[in-house]
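K.L.:
Return a 3D structure for these sequence lines:
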Amino acid sequence: MLPEVASWLRRRTSTAEDWPAHVLLDAKGGAGISVVLPARDEEATVGAIVAAVRTDLMERVPLVDEIVVVDSRSTDRTAAVAAAAGAEVVAQDEVLPGQGRMSGKGEALWKSLAATTGDLIVFVDADLRGFTSSYVTGLLGPLLTDPSVGYVKGCYDRPLVEGERRVEGGGGRVTELVARPLINMHWPLLAGVMQPLGGEYAGRRALLERLPFVTGYGVELGLLLDVYQDAGLDAIAQVDLGRRVHAHQSTEALGAMSGQIMLTAWSRLERHGRMIPLGAPSTALTQFRRSAAGHDARTSDVAVGERPPMIEIPGYAAARSFSSGRG
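P.N.:
Alright, predicted model coming up:
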């Protein structure tokens with residue numbers, strides 16, 4: 001391990017237990033805090049997450065100012081369940097409608113900047129099982145107590161759960177097989193970030209609104225690399241949140257996700273001046289399934305879309321003013 005990485009790990013890694021809510025309330029001052037859940041067809045889990053945040057961090061301890069669920073074209077009762085649990089629910093396509101429609105998790109996260117009011121924004125995936133509000137307090141801790149920290153990643157153990165079968169350490173397959181090798185090869189000072197693709201992280205609005213957002217599965221990697229490029233390693237911290245349990249995708253789906261991760265890395269290598277490309281990479285991914293006739297080839301497009309920094313969007317300030325007057 002590089003000595004700079006070892007030093008960063010010692011200085012910038014903490015645990016959720018280090019940041020109790022009452023301590024953070026004293027440190028909050030006048031900062032507004034928003035919790036954002038991007039959600040698509042997550043009616044089974046979104047309500048419990050919203051309820052935990054509202055009960056623990058709005059009613060018992062008035063730390064969080066708003067909980068916003070960005071509904072990404074759900075076809076189930078996600079929006080109704082989230083609203084019943086106490087969240088403000090906004091439809092992804094109704095935020096900044098003049099900017100058109102794009103798809104993917106990153107689109108919902110980008111739109112959330114215009115749909116929230118907080119100076120600090122905490123992102124939490126809506127498919128978590130066994131969620132506790134310590135996820136939120138843990139991510140807020142470094143931001144509220146150290147003004148030099150601009151971005152906080154959650155880290156955790158990720159078991160692979162398939163029915164009744166649980167494999168400890170078996171989750172995070174794309175992280176271990178794709179993202180971590182890429183980071184260690186090309187951004188070695190980020191090698192200490194334990195969960196670069198994890199969906200639980202927080203940042204200062206003033207930093208997030210200066211960054212482009214990849215609209216698909218590369219959003220977490222893109223943000224991490226762009227924060228590093230924009231603000232440096234010491235602007236990043238990580239907090240051990242314990243354990244993360246969520247639904248897992250098929251190997252075929254993970255292949256498409258991996259394609260988007262690799263394309264995101266490629267774009268940042270080029271943009272940040274770390275390589276000179278001789279040609280553009282293909283965005284077609286061919287995968288195979290066995291059928292009665294042999295093997296069927298299926299080709300999909302894993303191209304990575306991207307939104308510009310929100311601060312450059314003409315309607316952004318007006319949308320935030322509208323959001324401020326909602327409640």
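
K.L.:
The longest helix along the chain: what's the following helix or strand?
P.N.:
Determined from DSSP state H, the single longest helix within the chain is helix 251-271. Counting by DSSP states H and E, the next helix or strand C-terminal to helix 251-271 is strand 284-291.

K.L.:
Neighbouring strands - and their directions - for that following strand?
P.N.:
Partners of strand 284-291 in the sheet, by DSSP bridges, are strand 294-301 (antiparallel).

K.L.:
how far off helix 251-271 does the partner strand point, in degrees?
P.N.:
Angle of strand 294-301 versus helix 251-271, following axes from the mean of the first three to the mean of the last three C-alpha atoms, to 10 degrees, is 40 degrees.

K.L.:
tell me which residues in the longest helix of the chain are buried?
P.N.:
Of all the residues in helix 251-271, those buried under the rule 16 or more other C-beta atoms under 10 Å are 254-269. C-beta: built from backbone N, CA, C; applies to glycine.

K.L.:
With stretch 178-189 instead?
P.N.:
V178, A179, R180, L182, I183, H186, W187.

K.L.:
Quick check: the gap between the residue nearest the centre of the chain and S14.
P.N.:
In the chain, the residue lying closest to the centroid (C-alpha atoms, centre = their mean) is G199, at 3.7 Å. Distance of G199 to S14, computed by C-beta to C-beta, to the nearest Å: 19 Å.

K.L.:
and what of L285?
P.N.:
38 Å.

K.L.:
So what pairs up with F123 in the strands?
P.N.:
For F123, the beta-bridge partners are V36, Y201 (DSSP bridges).

K.L.:
and it, what does it touch?
P.N.:
V36, L37, P38, L109, S112, G199, E200, Y201, A202 (C-beta atoms under 8 Å, 6 or more residues apart in numbering).

K.L.:
try K28
P.N.:
Contacts of K28 (C-beta under 8 Å, 6+ apart): L63, L144.

K.L.:
Ok, A231 next?
P.N.:
Contacts for A231 (C-beta under 8 Å, 6+ apart) come out as G150, Y151, L207.

K.L.:
related to what we said a few turns ago, so what does the longest helix of the chain touch, helix or strand wise?
P.N.:
Packing contacts for helix 251-271, counted by 3 or more C-beta pairs under 8 Å, 6 or more residues apart in numbering; DSSP states H and E, involve helix 173-174, helix 180-186, helix 219-231, strand 284-291.

K.L.:
Now render the ones you listed as CSV, adding distance to Y316 and mean pLDDT.
P.N.:
Listed next are the helices and strands packed on helix 251-271 as CSV, based on distance: least, C-beta to C-beta, whole Å; pLDDT from 0 to 100:
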stretch, distance to Y316, mean pLDDT
helix 173-174, 32, 87
helix 180-186, 31, 97
helix 219-231, 18, 98
strand 284-291, 34, 91
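
K.L.:
per-residue confidence for G163?
P.N.:
With respect to pLDDT, G163 has a value of 54.

K.L.:
do G198 as well
P.N.:
pLDDT, read off for G198, is 93.

K.L.:
Same check on W266?
P.N.:
96.

K.L.:
hmm, back to that, do you know which of the helices and strands packed on helix 251-271 lies nearest G29?
P.N.:
helix 219-231 (21.4 Å; C-beta to C-beta).

K.L.:
List the buried residues in that closest one.
P.N.:
So for helix 219-231, counting by 16+ other C-beta under 10 Å, buried means V219, E220, L221, G222, L223, L224, L225, D226, V227, Y228, A231.

K.L.:
Out of these, flag the one nearest to P3.
P.N.:
Closest approach to P3 among the buried residues of helix 219-231 (C-beta to C-beta): Y228, at 17.7 Å.
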